[in-house]
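[1] fold the stuff below for me.
(one chain, ligands or ions: 1)
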Amino acid sequence: MSTADPADPADGAIALHDFTDLDHAALPVTYVAALEAFDRLPLLRELKALAIERTGTGPGRRVLDVGCGFGLETLRLARLVQPGGAVTGVDLSADFVVEGRRRASVAGVPVELLQADAQHLPFADASFDVTRIERVLIYLDDPWRALREMVRVTRPGGALAIIAPDFDTNTVNVPDRDLGRAVLTHECDTAVVHGLMVRDLRGHLLDLGVHDVRVASRMVVFDPDLAAQYFTGIGRSAGAAGVIDEEATERWVATIAALHRADRLFAAIGYYLFTGRVG
Ligand SMILES: C[S@@+](CC[C@H](N)C(=O)[O-])C[C@H]1O[C@@H](n2cnc3c(N)ncnc32)[C@H](O)[C@@H]1O
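    Numbering: from 1, shown residues only. Prediction:
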């Protein structure tokens, strides 16, 4: 477990690239806290609600949540499909699966959580009415293979929902724009594997025979504490990589801290929701 102090943005900094490789460390409290903080963001909640509406997720549906983490949305969906429905969640992290099962048991929610790779789903063709994936594709070696797998396990006429950010839309109100560009470009290019994949997503869905493809988006505004943690961390990463020098790194960290203390920190990132029907 991490000993990071979540009250100190500099200490509790979040490094998103570790979502590709979580089980090489014990389940870090910073990642649990980060996923919970993202899950609470009201504009992201709007996209989750729209995903439910556009996929017709409700009583009686068989739903698969791919890369479900420890089941924050999965457990909500499991309640929503009652009576008569069933929700399955898969995640590569064994620790997240264990934590999700613990939470489901405490909450008394019927849900099946399994350890599996999104790129090799352990289900027969046409097993689900609705298949969703939220904030996962950008971390995968082959997001298009995961998409093909999602189409395969969804029944003809069933629905897909994909929520993913465009990593090049990260925004923070650090006044030095050159410094901001250097840090944010480094984050986009290194923190995740496919930070810009949403730009090609519609085309890939059409190529897979998915129809009625609809796109919604939200510029998701960060909670100030989450923004301070995340943007402090990415400045430090850029410094450690030599993209910015020591003076610039200290200035970046101090600027974020000062804006946060003064309740003037503003940060956001663009998220998309793609939905469609499997052919
Ligand atoms: C940012 S989290 C999102 C979790 C969840 N979807 C949510 O919205 O709270 C990314 C998740 O993807 C999982 N993940 C990464 N690579 C994966 C893979 N190849 N197959 C399945 N899950 C994967 C991570 O373990 C992590 O739980």
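[2] ok, residue 59 - contacts?
    80-85 (CB atoms under 8 Å, 6 or more residues apart in numbering). No exception for glycine: its C-beta is placed from N, CA and C like everyone else's.
[3] quick one, phi/psi of residue 88?
    Torsion angles at residue 88 (phi, psi; degrees, to the nearest 10) stand at phi -120, psi 140.
[4] so how far is the ligand from it?
    Look at residue 88 and the ligand: by CB to the nearest ligand atom, to the nearest Å, they are 13 Å apart.
[5] so that residue sits against residue 110, correct?
    No - using CB atoms under 8 Å, residue 88 makes no contact with residue 110, being 10.8 Å away.
[6] just the buried ones from the contacts of residue 59, in PyMOL syntax?
    Paste this into PyMOL to select the buried members of the contacts of residue 59, with burial taken from 16 or more other CB atoms under 10 Å:
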select buried, resi 80+81+85
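[7] so which of the contacts of residue 59 sit within helices?
    residue 80 (DSSP state H).
[8] can you lay out the contacts of residue 59 as CSV showing pLDDT and distance to residue 254?
    Converted to CSV, the contacts of residue 59 look like this (pLDDT from 0 to 100; distance: CB to CB, whole Å):
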residue, pLDDT, distance to residue 254
80, 98, 45
81, 98, 49
82, 97, 51
83, 97, 55
84, 97, 56
85, 98, 51
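[9] residue 241: which of the contacts of residue 59 is nearest?
    residue 80 (42.8 Å; CB to CB).
[10] all helices of the stretch 101-250 of the chain, in order?
    For the stretch 101-250 of the chain, the helices defined by DSSP state H, counting those that start in this stretch cover 143-153, 177-190, 198-207, 224-240, 246-261.
[11] residue 119: which of the ones you listed is closest?
    Ranking the helices of the stretch 101-250 of the chain by proximity to residue 119 (CB to CB) places helix 143-153 first, at 4.6 Å.
[12] sorry, back to before: and of the contacts of residue 59, the nearest to the ligand?
    The closest of the contacts of residue 59 to the ligand turns out to be residue 80 (CB to the nearest ligand atom; 15.7 Å).
[13] how about that closest one, what does it touch?
    Counting by CB under 8 Å, 6+ apart, residue 80 touches 52, 57-59.
[14] show me what the host helix or strand of residue 271 is packed against.
    Assessed by DSSP states H and E, residue 271 sits inside strand 267-277. Applying 3 or more CB pairs under 8 Å, 6 or more residues apart in numbering; DSSP states H and E, one finds that strand 267-277 contacts helix 42-55, strand 154-165, strand 171-172, helix 198-207, strand 211-221, helix 224-240.
[15] quick one: which of the ones you listed is nearest residue 147?
    Of all the helices and strands packed on strand 267-277, helix 198-207 sits nearest to residue 147, with 6.0 Å by CB to CB.
[16] how about residues contacting the closest one?
    Residues outside helix 198-207 that contact it (CB under 8 Å, 6+ apart) are 137, 144, 147, 160, 162, 164-166, 213, 215, 272, 274, 276.
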